[in-house]
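Asker: Just to be clear, the model below is a prediction. Sequence and coordinates:
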Amino acid sequence: MENYILHKADTRGAADHGWLNSKHSFSFGGYYDPERMNFGVLRVLNDDTVSGGMGFGKHPHDNMEIISIPLEGELVHKDSMGNEAVIKQGEIQVMSAGTGIYHSEQNHVHDKTVKFLQIWIIPNKRNVTPRYDQQEINLSVKNEFVQVLSPNKDDAGVWIYQDAYFSIGTFDKDTQLSYQLKNAEHGVYAFILEGNTVINGHELNKRDGLGIWGTDALTVDTKQGSRILLMEVPMQVN
């Protein structure tokens, strides 16, 4: 039986620190809602805007898969493993925090904001050796979903310690397609980056989120030009 949960953009938690404006789809920091703790192993989905030259100072994480997807601008990443990199729109970054890692993320430029998604996935393996990776996303593909994350090192996109699959698609108006789940026990959380789209009969606008489980496929019907992130994840948290 198909089940769903709908998170309209204006119902998200919010934090405004001056240099950082963040919207939280799930409980995070000072925002707590017992009905919005997670969607399966998807624990955090933060929609962050960081002022020019500002950012997150060095801080620790452990036993979490942390994914960053810049939507506009560039981030400078530094971590305790010695990695230093610039992550920009059209790329995806992943860190397996494992036994523990310190990192910082800063806006790379001083006169423009950077906008990015920060996503946390609960891993299926604890206390792994920390690791870092980033890859380009093929933004030239239109009207189909492009896989950008999986559990497999040899598959398309970055990989994580979890049976999860992320896909991003950019679609023209009036595009109709379907997305087949990799595993019938999974759910999919769809996040609308741009545009207006109907997914399994639910109309969604920019920054709306829709979690669906108990189905083996999604039907997508874009009513205007749209960009969509799909996060297919196990619903059981071990």
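Answerer: Sure, I can see it. Residues are numbered from 1 along each chain as shown.
Asker: From here on, just use CA atoms for contacts and neighbour counts.
Answerer: Will do.
Asker: for this structure, what helix or strand is lowest in average pLDDT?
Answerer: Least confident helix or strand, the chain: strand 55-61 with a mean of 87, by mean pLDDT, DSSP states H and E.
Asker: So for that strand, could I get the coordinates as CSV, restricted to C-alpha?
Answerer: C-alpha atoms of strand 55-61 as CSV (Å, rounded to 0.1, in the frame of the first residue of the first chain):
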residue,chain,number,x,y,z
GLY,A,55,31.0,29.6,6.4
PHE,A,56,31.2,26.8,8.8
GLY,A,57,34.4,26.7,10.9
LYS,A,58,36.2,23.4,11.7
HIS,A,59,33.8,21.0,13.5
PRO,A,60,33.6,17.3,14.1
HIS,A,61,31.3,14.5,12.9
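Asker: Between the two ends of stretch 46-56, what distance do you get?
Answerer: End-to-end span of stretch 46-56 (C-alpha to C-alpha, to the nearest Å): 14 Å.
Asker: how about that stretch: buried residues?
Answerer: Buried residues in stretch 46-56, counted by 16 or more other C-alpha atoms under 10 Å: 46, 47, 48, 49, 50, 51, 52, 53, 54, 55.
Asker: what's across from the second one in the sheet?
Answerer: Residues in a beta bridge with residue 47, per DSSP bridges, are residue 23, residue 117.
Asker: domain assignment for this protein?
Answerer: Following automatic domain parsing, the chain resolves into domains at 4-8+10-136, 145-234.
Asker: Pick the most buried one from these.
Answerer: Stretch with highest mean neighbour count among these: domain 145-234 (a mean of 20; mean count of other C-alpha atoms under 10 Å).
Asker: pLDDT on that one, on average?
Answerer: The average pLDDT within domain 145-234 is 97.
Asker: and the least confident of the buried residues of stretch 46-56?
Answerer: Least confident entry in those, by pLDDT: residue 55, with 82.
Asker: gap between the most centrally placed residue in the chain and residue 7?
Answerer: Central residue of the chain (C-alpha atoms, centre = their mean): residue 119, 4.5 Å from the mean position. Remark: distance between residue 119 and residue 7 (C-alpha to C-alpha) = 16 Å.
Asker: Same question for residue 14.
Answerer: Residue 14 is 14 Å from residue 7, where distance means C-alpha to C-alpha.
Asker: Equivalent analysis for residue 97, please.
Answerer: 28 Å.
Asker: same check, this time on residue 43
Answerer: 14 Å.
Asker: what does residue 182 give?
Answerer: Look at residue 182 and residue 7: by C-alpha to C-alpha, they are 24 Å apart.
Asker: Any idea what residue 217 is bridged to?
Answerer: Taking DSSP bridges as the rule, residue 217 bridges to residue 180.
Asker: actually residue 65, not the one I wrote
Answerer: With DSSP bridges as the rule, residue 65 is bridged to residue 96, residue 121.
Asker: wait, doesn't it sit right on residue 124?
Answerer: No - if you go by C-alpha atoms under 8 Å, residue 65 and residue 124 don't touch, sitting 9.6 Å apart.
Asker: Figure out the helix or strand that residue 86 lives in.
Answerer: strand 84-88 (DSSP states H and E).
Asker: Strand partners (parallel or antiparallel) of that strand?
Answerer: The pairing partners recorded for strand 84-88 under DSSP bridges are strand 74-79 (antiparallel).
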